[in-house]
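Enquirer: Fold the stuff below for me.
(one chain, ligands or ions: 2)
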Amino acid sequence: MTETEIKQLKSAIHTIPDYPKAGIMFRDITGILDDAEAFKLTIEILANKYKAAGYTKIVGTEARGFLFGAPLAFAMGIGFVPVRKPGKLPRATYAQDYQLEYGHDTLEIHQDALTVTDKVLILDDLLATGGTIEATTKLIRRIGATVTDAAFVISLPDLGGERKLEDIGLSVFSLLQYAGD
Ligand SMILES: O=P(O)(O)OC[C@H]1O[C@H](OP(=O)(O)OP(=O)(O)O)[C@H](O)[C@@H]1O
Ligand SMILES: Nc1ncnc2[nH]cnc12
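Expert: Ligands and ions are numbered 1, 2, ... in the order given. Modelled structure (predicted):
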């Protein structure tokens, strides 16, 4: 990624202090979605990085993971599997509790959405504490599919998510980092 590309994407992201709680610097990715060039660039960089690695599925987590995960799967010519908040998936699911930077929740995956032969790339908009993607990884591994990589548009290195995910055997990549502010 070039410095110009980093600047282009960063200029599309809005930062909202104290949302949704005091002390949180909220990094709003909707500015990438409504900027056709920035959105295309984001998906192209990720598709180029991962296209030759033999992935069979992208898994993205509700809700913002869908916004980047589904177009990336389309660009890579592979399927997309949603991990959703509780009660949203109609077939038999596995469920996993997790902690967020500002709360806690449960995630679910369809039990038959992946098989043991799948090689999965996880895609989410943002890595904060890593709780969301740790739970997502547990769900994928519970099915028996292989997952070794997680990619993000943004990471917040001060919150320790990268370390948490590396500790469970994931390689982490993010297009943009926001540290120290
Ligand atoms: O690394 P973590 O500390 O787990 O935080 C990152 C997660 O938090 C946000 O999702 P959120 O749960 O707010 O849901 P949303 O995508 O539905 O807005 C974001 O989209 C990531 O999925
Ligand atoms: N600081 C943050 N900005 C945007 N989304 C988030 N999800 C968790 N922490 C976040």
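Enquirer: Show me what residue 155 is bridged to.
Expert: Judged by DSSP bridges, the bridge partners of residue 155 are residue 127, residue 177.
Enquirer: same check, this time on residue 105
Expert: Under the criterion used (DSSP bridges), residue 105 bridges to residue 98.
Enquirer: who touches residue 91 in this structure?
Expert: The contact partners of residue 91, by Cβ atoms under 8 Å, 6 or more residues apart in numbering, come to 110, 111, 112. (Each C-beta comes from the backbone N, C-alpha and C, glycine too.)
Enquirer: Residue 112: neighbour count?
Expert: 10 (other Cβ atoms under 10 Å).
Enquirer: Next one: the residue nearest to residue 156 when sequence neighbours are not counted relative to residue 154, how far apart?
Expert: Setting aside the residues directly before and after it, residue 156 is nearest to residue 128 in space (Cβ to Cβ, 6 or more residues apart in numbering), at 5.1 Å. Relative to residue 154, residue 128 is positioned 9 Å away (Cβ to Cβ, to the nearest Å).
Enquirer: helix or strand for the residue nearest the centre of the chain, which one?
Expert: Per Cα atoms, centre = their mean, the C-alpha nearest to the average position across the chain is that of residue 124, at 1.2 Å. In the assignment (DSSP states H and E), residue 124 maps to strand 119-127.
Enquirer: Fine by me, thanks again.
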